[in-house]
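*Asks:* this is a predicted model, with the sequence first.
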Amino acid sequence: MAKIRKLPGDAAEVWVGDVEYDLNEAFDSLTINEATVVEQLLEQPGLYAFWAALAEEANTEVDNARRRKDLVEAVLDEEVREEAREANEKVTENVIQRRILQEKRYKEADQDHIAAKRDAALFNVIRRALEQRMSTLIAVNNMRRAEYAAQGRESSQ
């Protein structure tokens with residue numbers, strides 16, 4: 001049985017909505033035990049469905065975080081323009097954009113978007129790893145069947 005590396009500390013903690021998941025649990029699920037290949041083949045679809053559904057939810061969270069960031073940017077854009085009008089100040093698009101980027105609300109929305117993208121990427125890594133695991137389980141099972149078949153031919157001779 002191959003040993004799967006773990007993610008260090010906080011790197012293993014990812015979020016979908018308000019629920020935290022530990023990716024090290026997924027890494028434990030990626031381990032293949034040759035003694036229980038058949039059982040693991042039977043468990044694989046449910047395992048894949050669970051983590052793939054979380055990956056899709058995480059991808060949706062990225063879209064939502066992007067929309068929230070865009071909304072914050074739009075609100076701040078209007079506020080900056082209104083402040084400039086009230087101060088009778090002429091501002092360029094560049095100045096408006098720089099002021100938006102300096103706003104705490106924008107920085108928080110941007111950080112939320114970045115965190116959502118990171119979490120989604122990690123869930124998608126797990127999904128791809130589970131796809132590879134399925135292929136490996138099938139290959140190991142086929143190898144074992146071929147070995148049993150070869151042993152049967154040798155004993156019948």
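*Replies:* Nice, I can see it. Residues are numbered from 1 along each chain as shown.

*Asks:* any idea how many residues pack against residue 130?
*Replies:* Residue 130 is flanked by 21 other residues according to other C-beta atoms under 10 Å. Quick note: C-beta positions are derived from backbone N, CA and C, even for glycine.

*Asks:* next one: residue 122
*Replies:* Neighbourhood size, residue 122 [other C-beta under 10 Å]: 20.

*Asks:* distance of it from residue 51?
*Replies:* 11 Å (C-beta to C-beta, to the nearest Å).

*Asks:* got it, and residue 101?
*Replies:* From residue 101 over to residue 51 the distance is 36 Å, taken as C-beta to C-beta.

*Asks:* of these two, which one has the most company?
*Replies:* Neighbours were counted for residue 101 and for residue 51 using other C-beta under 10 Å; residue 51 has more, 23 against 12.

*Asks:* any idea where the strands of the chain begin and end?
*Replies:* Listed in chain order, the strands of the chain (DSSP state E) span residues 13-16, 19-22.

*Asks:* need the ones you listed in a markdown table with distance to residue 38 and mean neighbour count, can you?
*Replies:* As requested, the strands of the chain are exported to a markdown table (distance: least, C-beta to C-beta, whole Å; neighbours: other C-beta atoms under 10 Å):
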| stretch | distance to residue 38 | mean neighbour count |
| --- | --- | --- |
| strand 13-16 | 31 | 18 |
| strand 19-22 | 28 | 13 |
